[in-house]
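Participant: Dropping the sequence and predicted coords here.
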Amino acid sequence: MTTTQTPPRETERAAPGRAVRLGAVGGRWIDDRVGGAGLVKFFARKIFPDHWSFMFGEVALYSFVILLISGTFLTMFFVPSMDEVIYDGVYEPLQGLHVSKAFESTLHISFEVRGGLLFRQIHHWSALVFMVAIFVHMFRVFFTGAFRKPREINWLVGFSLMVLGLVAGFSGYSLPDDVLSGNGLRIVEGLMLAMPLVGPFLSFWLFGGEFPGHDIIPRLFTIHILLVPAAILGLIALHLAMLVAHKHTQYPGPGRTDKNVVGFPLFPVYTAKAGGFFFLVFGIIALISATTAINPVWIYGPYDPSPVSAGSQPDWYMLFTDGGLRLIPGWEFTIFGYVISLNMLIPMGFYAVFLAFLALYPFLEAWVTGDNREHHVLDLPYNVPVRTGLGVAWISIYFILCLGATNDLLAVALKLSINDLTWLYRISIFVVPVLVFYITKRLCLSIQRHKRGLALHGVETSKVVRMDNGEMLEIHEPLDDYERWVLVDVDQFRPLKAGKGVSGLRARATSFFFKDYVEPVTPEELHHALEHGRHETHKIDRVIESSGDHQSN
């Protein structure tokens, strides 16, 4: 005998527990006063597209959270003071040396605080990952045109985050007061002293007197743990708020337009993915930090301003600043008793132009193209060859400057002349960007032609069929509708013409941006190609069928 149990009716179900009822009452009370339910519902149903390249921004955000967590721990033990003490800690090679309290506390964290060295290295490695993620994220935005209207201001916010990351990194690795950080501060002092008239006053104000003074470490500490993090947090909040307001960009595809977003809701899909991705980033950084040493200040020793050390380089994201100083010749002249140090002023001016180009590029491109439309669908980089070439040229300059900052190490490692390497980089910084721009542009145009052929004819299979009349036909694998849509849905924006308020300079700039262009596939061409492909496929199928019949006979 079997029995069945019928589910209770709604009225017969068990009443919710006391805790659930209290939670409902409390949630209703809060919602009546702050209106949180509507806001939560709005964010929970916000749609985000799914693509692996969007994760770089998340990596930057998560690494910054890790920076805050590890930095809070380190702040509890670090002493931001340049007062001299005699080191008597557990690291025997430095016992008895006169060091600053900042350096002594750094050694104390590294050797005597439980987990201190791990947290120091997590903090340093997460700073490197933060800057890597920002750079890659910015250039993903650059190459795909995600900075176009209405996101120009958000691009400036992202650029400001990159600059603040540079400031945070420099102020952070200057705090231990070791030889490496002291050399970096010495370069900053030299740059300030090179400024005519105001330079010495700026140096005295920053260092609190003659270099290195007694005030720079406390001041950098305030900048590093208070001012810069607060500014970064504010800009991140603004960045995310504008991201929500403008909708998320998406790559081209069927059904994706500038008026919609195709993807998954924030809750529960992206909430779960984001949580797991955060712990994945945290775990990888912790693994690297536990197995790979970075910034071993006990090997460098405390900073002594009297000697000049060779072979010292800053972290990778600041290498370009050192490279420019090394590559410029020692040019200077005197006017009215003031020494004008061109070997300092020219690099500083170049850095300003170098970074300003990146910051202002969205406005420059909008002026050149005259494109004032809203864009939510991204460009494929090969469809905008000039922009892609300019971006790769900018990156090539950055790499050359970084190589220039390592000319002494490379000369020793490769047994080459440091003078020959320096001249190679000096010439390369004028020649390589032009070559890289031209090669990148030609590659983009070649890819456009290749993609045009794929859209019309499909993928070559290298299989050839001989017809009865001797004609040779190659079998092509047709693209699916999604792949074909991406290839034919190309923005056909055309350049401006001189006149009607368009200056000759602007018209020439527009011509430079658009003049080399592969015409996209028209609907008529696509229809004709598909009909021709079906006809050839039918002929090939008949030949294959007839050959099969002969073999069976």
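Facilitator: Happy to help now that I have it.

Participant: then stretch 233-250 to CSV, C-alphas only?
Facilitator: C-alpha atoms of stretch 233-250 as CSV (Å, rounded to 0.1, in the frame of the first residue of the first chain):
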residue,chain,number,x,y,z
LEU,A,233,37.9,56.6,-4.6
GLY,A,234,35.9,59.7,-5.7
LEU,A,235,36.9,59.3,-9.3
ILE,A,236,36.1,55.5,-9.2
ALA,A,237,32.6,56.4,-7.9
LEU,A,238,32.2,59.0,-10.6
HIS,A,239,33.5,56.6,-13.3
LEU,A,240,31.0,53.9,-12.3
ALA,A,241,28.1,56.4,-12.0
MET,A,242,28.7,57.7,-15.6
LEU,A,243,29.1,54.1,-16.7
VAL,A,244,25.6,53.3,-15.4
ALA,A,245,24.2,56.6,-16.8
HIS,A,246,25.6,56.1,-20.3
LYS,A,247,24.9,52.4,-20.7
HIS,A,248,27.7,49.9,-21.3
THR,A,249,29.4,49.8,-24.7
GLN,A,250,29.2,46.5,-26.6
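
Participant: secondary structure class for the nearest residue in space to K463 that is not next to it in sequence?
Facilitator: What sits nearest to K463 in space, not counting adjacent residues and going by Cβ to Cβ, 6 or more residues apart in numbering, is I475, at 4.3 Å. Heads up, the C-betas are built off the backbone N, CA and C, glycines and all. Here I475 is strand, with the state taken from DSSP: H, G, I helix; E, B strand; the rest coil.

Participant: Give me the neighbour count for I475.
Facilitator: 16 (other Cβ atoms under 10 Å).

Participant: Would you mind measuring from it to E483?
Facilitator: Using Cβ to Cβ, to the nearest Å, I475 is found at 18 Å from E483.

Participant: now do K500
Facilitator: 40 Å.

Participant: for the stretch 351-500 of the chain, what spans make up the strands?
Facilitator: Assigned by DSSP state E, counting those that start in this stretch, the stretch 351-500 of the chain shows strands spanning 459-466, 472-477.

Participant: Would you mind measuring from the residue nearest to K463 to P347?
Facilitator: From I475 across to P347, the span is 59 Å (Cβ to Cβ).

Participant: got it, and G71?
Facilitator: According to Cβ to Cβ, G71 and P347 sit 31 Å apart.

Participant: So for the two, which sits in the more crowded spot?
Facilitator: P347 (23 against 20).

Participant: these two touch, right, that one and W331?
Facilitator: No. When contacts are counted by Cβ atoms under 8 Å, P347 is not listed as touching W331 (11.0 Å).

Participant: now for whichever helix in the chain runs longest, which elements pack on it?
Facilitator: Longest helix in the chain by number of residues, with DSSP state H as the criterion: helix 418-457. Applying 3 or more Cβ pairs under 8 Å, 6 or more residues apart in numbering; DSSP states H and E, one finds that helix 418-457 contacts helix 319-327, helix 385-405, helix 407-414, helix 481-488, helix 523-552.

Participant: Going by mean pLDDT, which of these comes out lowest?
Facilitator: Among the helices and strands packed on helix 418-457, helix 523-552 carries the lowest mean pLDDT, a mean of 63.

Participant: rewinding a little: what does the pLDDT read for the residue nearest to K463?
Facilitator: Reading off the confidence values, I475 has pLDDT 70.

Participant: distance of it from P200?
Facilitator: 77 Å.

Participant: for G276, same thing?
Facilitator: G276 is 54 Å from P200, where distance means Cβ to Cβ.

Participant: Over to N407?
Facilitator: Look at N407 and P200: by Cβ to Cβ, they are 30 Å apart.

Participant: on that earlier part again, pull out the buried positions in the longest helix of the chain.
Facilitator: Across helix 418-457, burial judged by 16 or more other Cβ atoms under 10 Å covers 421-422, 424-426, 428-429, 432-433, 436-437, 440-441, 444, 447-448, 451-457.

Participant: Can you classify the nearest residue to S171 once chain neighbours are set aside as helix, strand or coil?
Facilitator: Spatial nearest neighbour of S171, excluding adjacent residues (Cβ to Cβ, 6+ apart): H224 at 4.1 Å. Three-state call for H224 (three-state DSSP): helix.

Participant: surely H224 meets G169?
Facilitator: No. Look at H224 against G169 with Cβ under 8 Å: they stay out of range, at 9.4 Å.

Participant: so what's in contact with the two at the same time?
Facilitator: Residues touching both H224 and G169 by Cβ atoms under 8 Å, 6 or more residues apart in numbering: none at all.

Participant: where in the stretch 201-350 of the chain is pLDDT low?
Facilitator: Regions of the stretch 201-350 of the chain meeting the criterion pLDDT under 70 cover residues 308-311.

Participant: now the helices: where do they sit in it?
Facilitator: Under the criterion DSSP state H, counting those that start in this stretch, the stretch 201-350 of the chain contains helices at 216-222, 228-246, 271-291, 297-300, 319-327, 342-369.

Participant: Using CSV, list the CA coordinates for the first one.
Facilitator: Listed next in CSV are the C-alpha coordinates belonging to helix 216-222 (Å, rounded to 0.1, in the frame of the first residue of the first chain):
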residue,chain,number,x,y,z
ILE,A,216,59.5,64.8,2.8
ILE,A,217,58.6,61.3,4.2
PRO,A,218,55.8,62.6,6.5
ARG,A,219,54.4,64.7,3.6
LEU,A,220,54.6,61.8,1.1
PHE,A,221,52.9,59.6,3.8
THR,A,222,49.9,62.0,4.0
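
Participant: Can you tell me how far G234 is from L97?
Facilitator: Between G234 and L97 the distance is 41 Å, computed by Cβ to Cβ.

Participant: again, but for L456
Facilitator: Look at L456 and L97: by Cβ to Cβ, they are 74 Å apart.

Participant: same thing with V459?
Facilitator: Per Cβ to Cβ, V459 is found 69 Å from L97.

Participant: Could you check which of these two has the larger neighbour count?
Facilitator: For V459 and L97, the more surrounded residue by other Cβ under 10 Å is L97, and the numbers stand at 15 against 12.

Participant: Give me the neighbour count for the nearest residue to the more buried one once chain neighbours are set aside.
Facilitator: Nearest residue to L97, sequence neighbours excluded (Cβ to Cβ, 6+ apart): Y87, at 5.2 Å. Neighbour count for Y87, taken as other Cβ under 10 Å: 18.

Participant: wouldn't Y87 be in contact with T106 here?
Facilitator: No. Using Cβ under 8 Å, Y87 makes no contact with T106, being 10.9 Å away.

Participant: so what's the closest residue to L67 other than its chain neighbours up against?
Facilitator: The spatially closest residue to L67, leaving aside those adjacent along the chain, is S126, at 5.1 Å (Cβ to Cβ, 6+ apart). S126 is in contact with S63, F64, I66, L67, S70, I285, counting by Cβ under 8 Å, 6+ apart.

Participant: out of the residues you listed, what pair is the most spread apart?
Facilitator: Distance extremes for the contacts of S126: the farthest pair is F64 and I285 at 11.7 Å, using Cβ to Cβ.
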